[in-house]
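1. Predicted model and sequence follow; I will ask about them next.
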Amino acid sequence: MRVGLTYDLKSDYLAEGYSEEEAAEFDLPDTIEAIEAALCELGETTERIGNARALIGELQAGRRWDLVFNICEGMYGLGRESLVPALLDAWQIPYTFSDPAVLGLSLHKGLAKRVARDLGVPTPDFAVVETLADLAEVDLPFPLFAKPVAEGTSKGISGASKIESAAGLEAVCRELLEKFRQPVLVETYLPGREFTVGIVGTGRSAEALGAMEVLLQAGAESEAYSFSNKKKYEIMVRYRALDGPLLERCRELALKVWRGFGCRDAGRVDVRLDAAGEPSFVEVNPLAGLHPVHSDLPLLCTHIGIPFLELMRRIMDSARQRCRA
């Protein structure tokens, strides 16, 4: 099978003048190399395409593929992750991972929490602040937690994200609104342990592989898996696989979200414990990073004994089954 690879290469955006933070979600060359090597070992023939602009040019030139392995994050707008899947849908070319509707919904953390709540999944009470005037309508007890409504890689999350006062809330929201030019999600702070649950498959065939706990080390920004902590994860963060009854509760919550949202092939659901020690939904990531060493989903798989090649095989198996259906 001829498999095209769509991706956003970090170095391309840095060369265009974007900052390290703006390009933080994008991929390193060794991520693309690892994905391509795994696909070739699985017997596929690969062709590198690149980002959405490159894909548009290739489609206009008449290029086609049996399947596209898509990890494009996009740069602009709340629908940026949906662009490549929407283009591929228009040309009726199958691709890995979730469709445009799911990617647009999950990227907007406020909309995602509304759907999770409708599914009966516990999630902290929240408000979406689009302007500073909206703060007058925020009726939530402190402490609160604030972050951009549609960023990944913990962009916009820092030690200041946990907020103890109205003055602090206004200051943090002002900064985030100005810097990221998008609404701010404000939610009740969850004081408990933090996990990410890895999932492979689609619909009833989806399986929660396991969960990995995020443990902040001495010197890390406290209270959050922040942008700085992620960037320096080798010294600021320790990870460990979860087991026992709590694992099963996290798996159950994550699968309910995954199936309810209509996510496909592979990704993660982030969970944190509330004050009573109960798992609560934080966000769903249906387009998870795939660096074999640094990204959370492959890291989790490594902790539970699933090699990167096996993860890639399961992703491709799920995509093939959907395409045949």
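-> Arrived safely, thanks for sending. Numbering: from 1, shown residues only.
2. Which parts of the stretch 151-300 of the chain are helices?
-> Assigned by DSSP state H, counting those that start in this stretch, the helices in the stretch 151-300 of the chain fall at 166-180, 227-231, 233-236, 245-261, 296-303.
3. Quickly compare these and say which is most buried.
-> The highest mean neighbour count among these belongs to helix 296-303 (a mean of 21), with neighbours defined as mean count of other C-beta atoms under 10 Å. All C-beta spots, glycine's among them, are computed from the backbone N, C-alpha and C.
4. what angle do the helix or strand just after that one and helix 296-303 make?
-> For helix 296-303, the following helix or strand on the C-terminal side (DSSP states H and E) is helix 308-324. Between the direction of helix 308-324 and that of helix 296-303, the angle (axes from the mean of the first three to the mean of the last three C-alpha atoms, to 10 degrees) works out to 120 degrees.
5. helices or strands next to helix 308-324 in the packing?
-> helix 29-41, strand 67-70, strand 194-200, strand 266-273, helix 296-303 (3 or more C-beta pairs under 8 Å, 6 or more residues apart in numbering; DSSP states H and E).
6. Next, format those as JSON lines and append mean pLDDT and distance to Gly152.
-> Formatted as JSON lines, the entries for the helices and strands packed on helix 308-324 read as follows, by pLDDT from 0 to 100; distance: least, C-beta to C-beta, whole Å:
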{"stretch": "helix 29-41", "mean pLDDT": "98", "distance to Gly152": "15"}
{"stretch": "strand 67-70", "mean pLDDT": "98", "distance to Gly152": "15"}
{"stretch": "strand 194-200", "mean pLDDT": "97", "distance to Gly152": "13"}
{"stretch": "strand 266-273", "mean pLDDT": "98", "distance to Gly152": "11"}
{"stretch": "helix 296-303", "mean pLDDT": "96", "distance to Gly152": "11"}
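7. any idea which strand is longest in this protein?
-> The residue-count maximum for a strand in the chain (DSSP state E) belongs to strand 207-216.
8. Show me what it pairs with in its sheet, parallel or antiparallel.
-> For strand 207-216, the pairing partners within the sheet under DSSP bridges are strand 194-200 (antiparallel), strand 237-241 (antiparallel).
9. and these as a markdown table, adding mean neighbour count and distance to Leu83?
-> A markdown table is the format used below for these (neighbours: other C-beta atoms under 10 Å; distance: least, C-beta to C-beta, whole Å):
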| stretch | mean neighbour count | distance to Leu83 |
| --- | --- | --- |
| strand 194-200 | 25 | 24 |
| strand 237-241 | 14 | 31 |
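10. now those strands in CSV, with distance to Leu309?
-> What follows is the strands paired with strand 207-216, written out as CSV (distance: least, C-beta to C-beta, whole Å):
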stretch, distance to Leu309
strand 194-200, 13
strand 237-241, 19
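11. Compare those strands and give me the one nearest Lys10.
-> Closest to Lys10 of the strands paired with strand 207-216 is strand 237-241 (C-beta to C-beta; 20.6 Å).
12. Next, the angle from the closest one to helix 245-261.
-> Using the same axes, to 10 degrees, the inter-axis angle of strand 237-241 relative to helix 245-261 is 90 degrees.
13. All further residue positions should be reported with the first residue as 30.
-> Let's use 30 as the start, then, which means that last one is strand 266-270.
14. Could you list the residues in contact with strand 266-270?
-> Residues lying outside strand 266-270 but in contact with it, judged by C-beta atoms under 8 Å, 6 or more residues apart in numbering, are 239-246, 249, 254, 258-259, 328-329, 332-333.
15. No further questions, thank you.
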